[in-house]
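Student: I would like to see how this sequence folds:
(4 chains)
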Protein chains: 2
Amino acid sequence: MQFDEAKNKFVQTWGALGSQWGINKTMAQIHALLMVSKDPVSMEDIMQELQISRGNASMNLRGLMDWGIVYKANKPGERREFFIAEKDLDELATKIAKERSKREIKPALKVLKEVSAVEGDKSEEAKHFVEQTKKLYEFVASADEMIDKVTEYKDNWLGKLMIKIFK
Amino acid sequence: MQFDEAKNKFVQTWGALGSQWGINKTMAQIHALLMVSKDPVSMEDIMQELQISRGNASMNLRGLMDWGIVYKANKPGERREFFIAEKDLDELATKIAKERSKREIKPALKVLKEVSAVEGDKSEEAKHFVEQTKKLYEFVASADEMIDKVTEYKDNWLGKLMIKIFK
DNA sequence: TTAAACTTTCAAAAATAATTGAAAGTTTTT
DNA sequence: AAAAACTTTCAATTATTTTTGAAAGTTTAA
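Tutor: Take a look at the predicted model:
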C-alpha cells in the first residue's frame, strides 16, 4: 500500500469509528490526521486534506481542544495557527477517560443516586426498582473509580503486568 | 421523589446517555425500562410507556437481542411475547465488552495493521506515520486484551482487589 | 384451513445532527 | 489608525438517522 492511500484509509477508519463513539466524524478525522502528522498542521491544510469548510474545521478543532487532546502550536515567523495532537497514547487515554468521566459518568451517577432514593412506595415494583438502581450505582461508581486509578499510571506498567498475569 | 417520576427520570437519563455512546435513544430507553421492571414486559407495554410505534419497538428490541442483553420470555398461557433484560451487571458488562470488541475494535485493529505496513516510501512523513500507527496498534491491541481478561472474571473480584490496592 | 392474534419489514416522513459560507470578530502589521 | 491576515460564529442548508404506520409475514387457536 502507498503512503497516501494508507494515510487516507487510516483517517477514514478513525472517522467512522469516532461516530460510533459519540464523537462526530469530522472531529475524529481531524484528530486522526493530526495524530499521524509529523509537523504542526494549519487549518488551511486540514480543510484541504479533508475537503471541509473553514467553519467546520474551526468548530471541530475547538471541540478537540476542549477535550484536551489537540493543542495550538505556533510556528516561529508564521502568522497563522497550527495544530498538533497529543501523541503519547497513555496520556491520550487518560485525558479521554477523565473527560468522559466528568461529562458522562458523574452526571449519570448523580441521577442514579437520586432515583434510587425513591420513598414511600412499598409495591414490589418500587422495591425492585430501588434494588436495581442501587446495584447500578454501585457498579458504575466502582467502574469509574477503577478507570481513574488505572489511568493514573501513565507508564502502563499495570496493563503490562495484568496481561502477564492472565496470559 | 415518587416512584413513577423516578422511573421516568431513570429511563430518560439512560436514553440520553445511550445516544452519546453510539446506541440510539430508544434502544437505550427500552433497555432501561426492562432493567428496572420486575416482570417480563410486553411490546404493547413498551410502546405505551415510551410512546413509540410498534415498528420502532420491534426493531430496537431486535437490536438489543442482537447485543445479547435482552431476551424473549414466554409467560405461560400468554400468546404474546414478553421481554426481559440481562440484570446481572457483570454479565451485562461482559456482553457489551465482548460485542464492542468484535464489532469495533477487531476491525479497527485490522486496518491499523494494514496501514502500518506501508512500504517503499522513505520520507520523514511516511516514517512517522508508520511509527504512530504501529504504536496505536500495540496500544489498542493490549487494551482489547486487557478488557477481555478482566471481563472473564465475572465475580468482579479483580475490580474489588484493585480498588483495595490503589485506595 | 381459516381466522385471529400477534410480529416484522420497509418506504416514506419526521426529527436530529452536521456542514457551509459569509459576516462579524480578532490580532498583527504597516 | 487603517488595512491585512487570519479565526470564530451562526442562520440557513444539507445530510444522516430515527420513527412511523400500514402491508406482509408468522404462528396459534378454533
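Student: switch to C-alpha atoms for all contacts and neighbour counts from now on
Tutor: Fine.
Student: burial measure for the closest residue to A:Arg54 other than its chain neighbours, as a count.
Tutor: Computed as CA to CA, 6 or more residues apart in numbering or on different chains, the closest residue to A:Arg54 that is not its neighbour in sequence is A:Met47, at 6.5 Å. Residue neighbour count, defined by other CA atoms under 10 Å in any protein chain shown, stands at 17 for A:Met47.
Student: my read: A:Met47 touches A:Ala57, true?
Tutor: Yes - assessed by CA atoms under 8 Å, A:Met47 is found in contact with A:Ala57 at 6.5 Å.
Student: The residue of chain A found nearest DNA strand D is in what secondary structure piece?
Tutor: Closest contact between chain A and DNA strand D, by CA to the nearest atom of the strand, is at A:Gly55 (3.4 Å). A:Gly55 belongs to helix A:54-66 when assigned by DSSP states H and E.
Student: CA atoms of the next helix or strand after that helix as PDB?
Tutor: For helix A:54-66, the following helix or strand on the C-terminal side (DSSP H and E) is strand A:70-73. Presented in PDB, the C-alpha positions along strand A:70-73 are these (Å, rounded to 0.1, in the frame of the first residue of the first chain):
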ATOM      1  CA  VAL A  70      -5.300  18.800  20.500                       C
ATOM      2  CA  TYR A  71      -3.200  21.900  21.100                       C
ATOM      3  CA  LYS A  72      -2.400  25.100  19.200                       C
ATOM      4  CA  ALA A  73       1.200  25.300  18.100                       C
END
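Student: Summarise which helices and strands strand A:70-73 is packed against.
Tutor: Other elements packing on strand A:70-73 under the criterion 3 or more CA pairs under 8 Å, 6 or more residues apart in numbering or on different chains; DSSP states H and E are helix A:54-66, strand A:82-85.
Student: Pull the residues that contact it.
Tutor: A:31, A:40, A:61, A:64-65, A:81-86 (CA atoms under 8 Å, 6 or more residues apart in numbering or on different chains).
Student: Which single one of those is nearest to A:Glu5?
Tutor: Set against A:Glu5, the nearest of the contacts of strand A:70-73 by CA to CA is A:His31 (17.6 Å).
Student: Not counting its neighbours along the chain, what's nearest the residue nearest the centre of chain A?
Tutor: Centroid-nearest residue in chain A, with CA atoms, centre = their mean: A:Ile96, separated by 3.8 Å. Leaving aside its sequence neighbours, A:Ile96 sits nearest to A:Trp67 (CA to CA, 6+ apart; 7.1 Å).
Student: residues making contact with stretch A:101-115?
Tutor: Taking CA under 8 Å, 6+ apart as the rule, stretch A:101-115 contacts A:130, A:133-134, A:136-137, A:140-141, A:144, B:1, B:6-7, B:9-10, B:13-14, B:17.
Student: Could you single out the nearest of those to A:Asn74?
Tutor: The shortest gap between A:Asn74 and any of the contacts of stretch A:101-115 belongs to A:Asp144, at 36.3 Å (CA to CA).
Student: Identify the element of secondary structure that the closest one sits within.
Tutor: Using DSSP H and E, A:Asp144 sits in helix A:124-152.
Student: For that helix, the averaged confidence score.
Tutor: The predicted model assigns helix A:124-152 a mean pLDDT of 90.
Student: Who are the packing partners of it?
Tutor: Partner elements for helix A:124-152 (3+ CA pairs under 8 Å, 6+ apart): helix A:89-100, helix A:106-115, helix B:157-166.
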